[in-house]
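K.L.:
structure of the sequence below:
(chains A and B, ligands or ions: 3)
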Amino acid sequence: MSWIKVCKTTDVPENSLKKIWVAGGIPVLIAHYNGGYRAMPPVCPHMEEPLEESGVIAGCVLTCTKHLWAWDLATLELQGETERPLKSYDVKVDGDDLMAFIEQELLYEFEDEDDMDDDDFFKS
Amino acid sequence: MSIIFQTKSGELPIDAQNDSETVLFDGLGSGLTLPYECATGTCGTCRARVMSGDVFDVWPDAPGAQRLKRDRGDILMCQTRARGNCVIRVPALVTQAEEGAPRRFIGRIDELSKLTSDVIQFDVVLNEKATFSAGQFMVINAPGVSGGRAYSMVNYEQQTGRLTFLIKRKPGGVFSDWLFKSAGKDAEISLFGPLGKAIFQPEADGDLICITGGSGIAGIMSILEHAIRAKHFPGYSGQLYFGARTLADTFYVDKLAALTEMSSGGLKVTLALSHEAAPSSTHPASELIRLDEGFVHEVAARVLSENSVGLGENAVGFVAGPPPMVDAAIRVLLGQGKLPPDRIRYDKFS
Ligand SMILES: Cc1cc2nc3c(=O)[nH]c(=O)nc-3n(C[C@H](O)[C@H](O)[C@H](O)COP(=O)(O)OP(=O)(O)OC[C@H]3O[C@@H](n4cnc5c(N)ncnc54)[C@H](O)[C@@H]3O)c2cc1C
Ligand code: FES
Ligand code: FES
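P.N.:
Ligands and ions are numbered 1, 2, ... in the order given. Below is the predicted model:
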C-alpha cells in the first residue's frame, strides 16, 4: 500500500479525534490539533483504551483521560510521566482530502511480546 | 524471606516478614515507589510478573485482573502474597523513597454519625500517630469483610492519632453494609497507609480547582483544610465544584461555609445539583455556598469558559469520585481549564 485517502479534512474538526476504517480494513485514528493532523492506531499505548473516546486534544497535546498519558502531536514528544511513544502514520493534505501513508497496520505490542519479556531491559 | 523486584530502574531486593501482607504493601512499606492506583484490585495498575517463587492470589476474581496474562505468571501485586523468596518483574521505573513509607496501623472506630440517608462519617482512633499528606487514603480491613477498602482521610493534621473518614453507602456493598447495618461502633479495624499521590503540595501548588461528587469530597476536605492552614488563600484562588443529586443529598455545607469564610475571599464553593432544580442561587443554609444545576463537570465547564481571568501558572486540578465522573472532569480541566496533564491529580473510587 501507499498513500491512501482517509477522509475529507472537514470531517475532523479542530481539537477532535475521529476513528476511520480505511481500505484494507485498517482502523486509523485521525487527530486534528492546533497546527495539523496526525494519523495513528486507535488505542492508547498504555492500556489499550479506545483513544477516540478517552483522548482529549488541547492545543498541541493529546491526553488520554484514563491515566493522563500525553503526547505533543506536533513533535510526538512524551509529556510528563508518559512511558511509551505514540505510533503514527505519515499524513498529508491534498486539496480537501486527508491522506495517510499506510503500508501495514501499526500495532502496539500488548499481546505477544510485551515489555516484560525484554530480559536485557531488566538486568541491573 | 526476600522479594526481589526487577524493575526498569534495576533490581531492588527487600526483606518481607511473612505472608500476611500483599507484595505491593511489602514493597511500599519498604519505601519502594511501586506502581499502584486503587491498591484494592480494581484498576490493573499494579500489574507485574512472577519470575520465580511461590505466591498466592488473595482475590482471583479482582476486576483489575481481567486482562492479565495468567499463563505467563502475571499478577496484581495488590492481590498477591508471597509464601517464600520470590522474584517479581515490575514494568515501571521504581525508586527508593526517603520518607513517608506507609505501614500497618490498628484502629478503633469512634463517633459514627450519619450525614445524609446514605452518607456516614466516622473517626478512627489509631494505636500510634500517623503522618500523611492531604488527599491521601488508607486501605481498611474490617472484621468479616474480605479484602481491603480504600478510604480517603477527611481531616488534616501533620501528625495525628485520629483519622476521619466519610463513606457513601453502596447498595449491596459489603463494607458499607457492615458499617450501616451492624454499626461498626467501637469495632477494631486494621489500616494500611498512607497511600495515594493526589496530594496537595502547598509550596509548589498555585491556584486550586477541585471537582468532585458524593464521597469524593473526603480527600478534598483534607486538601482545603491544609490550604487554609498553610494560608494558601487568598494569595492563590480556590474553586470547589461539588456534585450531588438533590439538595437533600448535600452535606458538609457548614464546614465548607466555615472554610470559605476563613479563606478571605480566596475560596469559592459551588454545589451542583444534577437531579433537581436549584431553589435559589445560594444554599438555604449559607449564602457563602453557591448553587447551580447540572452535572458537576458541566457546571465547572460553564464557569471556566465564562471566566476570562483563567487559572494561574502553577494551578492544580484535583478530581475524586466515581470513574465516569473523574474522566469527564479531567476532560474539562484539560479543555476549558487549559491545565496541562501533569497538573491534574485524581482518585478514581472504583
Ligand atoms: C483511592 C480510593 C479512595 C476511595 N475513597 C473513598 C472514600 O473516601 N469514601 C467512600 O465512600 N468510598 C471511597 N472509595 C471507594 C471504596 O473503596 C469502596 O469501593 C466503596 O466504599 C464500596 O465498598 P463496599 O464494600 O461497600 O462495596 P463492595 O462492592 O463490596 O466492594 C468494593 C470494593 O472492595 C474490594 N473488594 C471487594 N471484594 C473483595 C474481595 N473478596 N477481596 C479483596 N477486595 C475486595 C474491591 O476493591 C471492590 O471494588 C475509594 C476508592 C479508592 C480506589
Ligand atoms: S489507558 Fe490511556 S493513559 Fe492509561
Ligand atoms: S493497584 Fe492493584 S489493581 Fe489497582
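K.L.:
could I get the full set of strands for the stretch 1-150 of chain B?
P.N.:
When secondary structure is read from DSSP state E, counting those that start in this stretch, the stretch 1-150 of chain B shows strands at B:2-7, B:10-15, B:47-57, B:74-76, B:80-90, B:103-116, B:119-131, B:137-141, B:149-152.
K.L.:
just put the ones you listed in TSV and tack on distance to ligand 3.
P.N.:
No exception for glycine: its C-beta is placed from N, CA and C like everyone else's. Shown next, in TSV, are the strands of the stretch 1-150 of chain B (distance: least, Cβ to the nearest ligand atom, whole Å):
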stretch	distance to ligand 3
strand B:2-7	15
strand B:10-15	18
strand B:47-57	8
strand B:74-76	5
strand B:80-90	9
strand B:103-116	17
strand B:119-131	21
strand B:137-141	10
strand B:149-152	9
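K.L.:
for those, which one sits closest to residue B:23?
P.N.:
Ranking the strands of the stretch 1-150 of chain B by distance to residue B:23, with Cβ to Cβ as the measure, places strand B:80-90 first at 5.0 Å.
K.L.:
that closest one pairs with which strands?
P.N.:
Counting by DSSP bridges, the strands paired with strand B:80-90 are strand B:2-7 (parallel), strand B:47-57 (antiparallel).
K.L.:
just the CA trace of the last one, in PDB.
P.N.:
Output for strand B:47-57, consisting of C-alpha atoms alone and laid out as PDB, is shown next (Å, rounded to 0.1, in the frame of the first residue of the first chain):
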ATOM      1  CA  ARG B  47       0.400  -5.500  37.100                       C
ATOM      2  CA  ALA B  48       3.600  -7.500  37.500                       C
ATOM      3  CA  ARG B  49       5.100 -10.900  36.600                       C
ATOM      4  CA  VAL B  50       6.300 -13.600  38.900                       C
ATOM      5  CA  MET B  51       9.700 -14.800  37.500                       C
ATOM      6  CA  SER B  52      10.200 -17.400  40.300                       C
ATOM      7  CA  GLY B  53       8.900 -18.300  43.800                       C
ATOM      8  CA  ASP B  54       5.700 -19.400  45.400                       C
ATOM      9  CA  VAL B  55       2.900 -16.800  45.600                       C
ATOM     10  CA  PHE B  56      -0.900 -16.900  46.000                       C
ATOM     11  CA  ASP B  57      -3.700 -14.800  44.800                       C
END
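K.L.:
which residue ranges of the stretch 101-250 of chain B form helices?
P.N.:
Secondary structure of the stretch 101-250 of chain B (DSSP state H, counting those that start in this stretch): helices located at B:174-181, B:217-229.
K.L.:
give me the phi and psi for residue B:277.
P.N.:
Summarising the backbone geometry of residue B:277 under the convention degrees, to the nearest 10, its torsions are phi -70, psi 140.
K.L.:
distance of the closest residue to it other than its chain neighbours from residue B:18?
P.N.:
In this structure, residue B:277 finds its nearest non-sequential neighbour in residue B:293, 6.1 Å apart by Cβ to Cβ, 6 or more residues apart in numbering or on different chains. Summarising the geometry, the distance separating residue B:293 from residue B:18, computed by Cβ to Cβ, to the nearest Å, is 54 Å.
K.L.:
neighbour count winner among the two?
P.N.:
Taking neighbours as other Cβ atoms under 10 Å in any protein chain shown, residue B:293 and residue B:18 compare with residue B:293 leading, 13 against 10.
K.L.:
quick one, which of the strands paired with strand B:80-90 gets closest to residue B:93.
P.N.:
When the strands paired with strand B:80-90 are ranked by proximity to residue B:93, the top entry is strand B:2-7, at 6.9 Å, counting by Cβ to Cβ.
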